[in-house]
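Visitor: Quick check, what structure comes out for this input:
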Amino acid sequence: MTRDRSKAVAMLATVAIAGGLAGTINGLGAEFMADRGQQLWRLYAMNTLGGVVTIVGGLVGAGAFALRSKTLAGLVGLMFLGVAGLTLIALGQTYNLFGGRASTLSFWLMLGLGFTALAASPEVTGATDREPDEARASVPRAS
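Guide: Just a heads-up that it's a prediction; the model follows:
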C-alpha cells in the first residue's frame, strides 16, 4: 500500500474510532442493544453495540494502516458495508441490532465505501510515494 493510500486508511480509521467512541459514550445510559440508539448531537444515532462495532472496525482499520495491508482494509470495508446493510434492512422494523437510523446508515456506508475503494483500486506509485531520501536520489541533477 502506498504512503498516500495508507494515510487515507488512517484518516478513515480515526473517523471510525472517534465516531464509535462518541456513540458508545452517548449510549451508555441505554441498554446495550437498544432498538433505538441514542441521538448524538443530531448527527447520528447508535446503541452501545453499534458503537463497539464501529470502534473495533476503526481499530482493525488502524491495523491495516500500520501493516499497510490492502486486504485488511478491504475486510474492514466489507464489515462496515455489512453493518450498513443490516441497518438499511432494520430501518422500518421494530428491532434494530445496532440502533442506527438513516444518518447512521450513511456514516457506516461512507466508512465501508471508503475502505473498500482504497483496498480495491489499483496502486499507482509516483515520486510522492517514495521515502524522502529515495525521491531525492531519483531526481536528475543539472550538470
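
Visitor: rest of the way, CA atoms for contacts and neighbours
Guide: OK.

Visitor: The residue nearest the centre of the chain and residue 125: what is the separation?
Guide: In the chain, the centroid-proximal residue (Cα atoms, centre = their mean) is residue 111; its distance is 4.0 Å. According to Cα to Cα, to the nearest Å, residue 111 and residue 125 sit 24 Å apart.

Visitor: Check which residues of stretch 101-120 are buried.
Guide: Under the neighbour-count criterion of 16 or more other Cα atoms under 10 Å, stretch 101-120 has 101, 104-116, 118-119 buried.

Visitor: What residues of stretch 52-72 count as buried?
Guide: The neighbour-count check on stretch 52-72 (16+ other Cα under 10 Å) flags 52-65, 68-70, 72 as buried.

Visitor: Then stretch 90-97?
Guide: 90, 96-97.

Visitor: Switch those over to TSV; also include secondary structure and distance to residue 18.
Guide: As requested, the buried residues of stretch 90-97 are exported to TSV (DSSP: H, G, I helix; E, B strand; the rest coil; distance: Cα to Cα, whole Å):
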residue	secondary structure	distance to residue 18
90	helix	24
96	coil	22
97	coil	21
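
Visitor: which one of those residues sits closest to residue 23?
Guide: residue 97 (14.4 Å; Cα to Cα).

Visitor: measure the closest one to residue 54 for me?
Guide: Distance from residue 97 to residue 54, by Cα to Cα: 13 Å.
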